[in-house]
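Asker: Sequence and predicted structure below; questions after.
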Amino acid sequence: MTSPAETVIDLYQRHAASYDRQRGKTLHEGAWLARFRRQLSPEATILDIGCGTGQPIASYFRAQGHAVTGVDSAPAMIALCRARFPEGDWQVADMRRLALGRRFGGLIAWDSVFHLTPEDQRGMFKVFAAHAAPGAALMFTSGPAHGEAIGSFEGEALYHGSLDSGEYRALLAENGFTVIDHVAEDPDCGGHTIWLAQAAPAQGAL
């Protein structure tokens, strides 16, 4: 029997249009996106890991003048990005095996990494490090505690997984990131648990 963790990509592939309608364009995470941007240089490129349909997060960064590379495992999601922003850099890719050969000034994984199993999440921190330029900002969402939970989308099981906060901190440190801020179940952001971190600066940088 296929586990819910193995069906996440297929679920989003089949229901991309419905997700796009339900996600809407409201930036309830706007305060956190603004804080993330304050860690970036004005010309920083951004990697959006699990970009969905490109709205509203990637489009927000594009409107602020940042070049965004968006990756998502569901081809239907990327097709919507390309239709919406044909001049953009949109790629179908599984985040667990992401290897773009480029580094970015900012990395964001909003409501995406938490669809991976705890074991797969552990591997993501090397992916983050491999794509982070010196001093890059990293922001991602997680669950508030170690475990797995099954939600629902379009009447189907939707998997969520999480590590505990201590392990996230350890993995960030092991991969060269310093935690700038962390809020569990932020009441001002729809109950999201958010991590904001920064890669080590280049040697010799102040």
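Answerer: Alright, I've got the coordinates.
Asker: Pull out the buried positions in the worst-scoring helix or strand of the chain on mean pLDDT.
Answerer: When the helices and strands of the chain are compared on mean pLDDT, DSSP states H and E, helix 16-23 comes out lowest with a mean of 92. Buried residues in helix 16-23, counted by 16 or more other Cβ atoms under 10 Å: 16, 19, 20. For glycine as for every other residue, the C-beta is placed from the backbone atoms N, C-alpha and C.
Asker: State the next helix or strand along the chain beyond it.
Answerer: Toward the C-terminus, helix 16-23 is succeeded by helix 30-38 as the next helix or strand (DSSP states H and E).
Asker: so the closest residue to residue 93 other than its chain neighbours bridges to which residues?
Answerer: Excluding its sequence neighbours, the residue lying closest to residue 93 (Cβ to Cβ, 6 or more residues apart in numbering) is residue 71, at 4.4 Å. Counting by DSSP bridges, residue 71 is bridged to residue 49, residue 91.
Asker: so how far is residue 175 from residue 71?
Answerer: Using Cβ to Cβ, to the nearest Å, residue 71 is found at 19 Å from residue 175.
Asker: So if I had to pick from these two, which one is more boxed in?
Answerer: Neighbour tally, residue 71 and residue 175, criterion other Cβ atoms under 10 Å: the higher count belongs to residue 71, 24 against 19.
Asker: Test my guess that the more buried one contacts residue 96.
Answerer: No: Residue 71 is beyond contact range of residue 96, at 11.2 Å (criterion: Cβ atoms under 8 Å).
Asker: in the chain, which spans are strands?
Answerer: Using DSSP state E, the strands found in the chain span residues 46-49, 68-72, 89-92, 104-109, 132-142, 147-153, 156-162, 177-186, 192-199.
Asker: These into CSV, with extra columns for mean pLDDT?
Answerer: Output for the strands of the chain, formatted as CSV (pLDDT from 0 to 100):
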stretch, mean pLDDT
strand 46-49, 98
strand 68-72, 98
strand 89-92, 98
strand 104-109, 98
strand 132-142, 98
strand 147-153, 95
strand 156-162, 96
strand 177-186, 98
strand 192-199, 98
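Asker: Just give me how far stretch 123-141 sits from the chain centre.
Answerer: Stretch 123-141 has its C-alpha centroid displaced from the chain centroid by 10 Å (Cα atoms, centre = their mean, to the nearest Å).
Asker: let me redo that: stretch 120-129
Answerer: Distance of stretch 120-129 from its chain centroid, counting by Cα atoms, centre = their mean, is 12 Å.
Asker: Quick check: the most centrally placed residue in the chain vs residue 192, distance?
Answerer: With distances taken as Cα atoms, centre = their mean, residue 109 lies nearest the centre of the chain, 0.8 Å away. Applying Cβ to Cβ, the value for residue 109 to residue 192 is 12 Å.
Asker: Need the residues touching each of the two.
Answerer: By Cβ atoms under 8 Å, 6 or more residues apart in numbering, residue 109 and residue 192 have these common neighbours: residue 141.
Asker: Name the residues of stretch 180-196 that are buried.
Answerer: 180, 182, 186, 189, 192, 193, 194, 195, 196.
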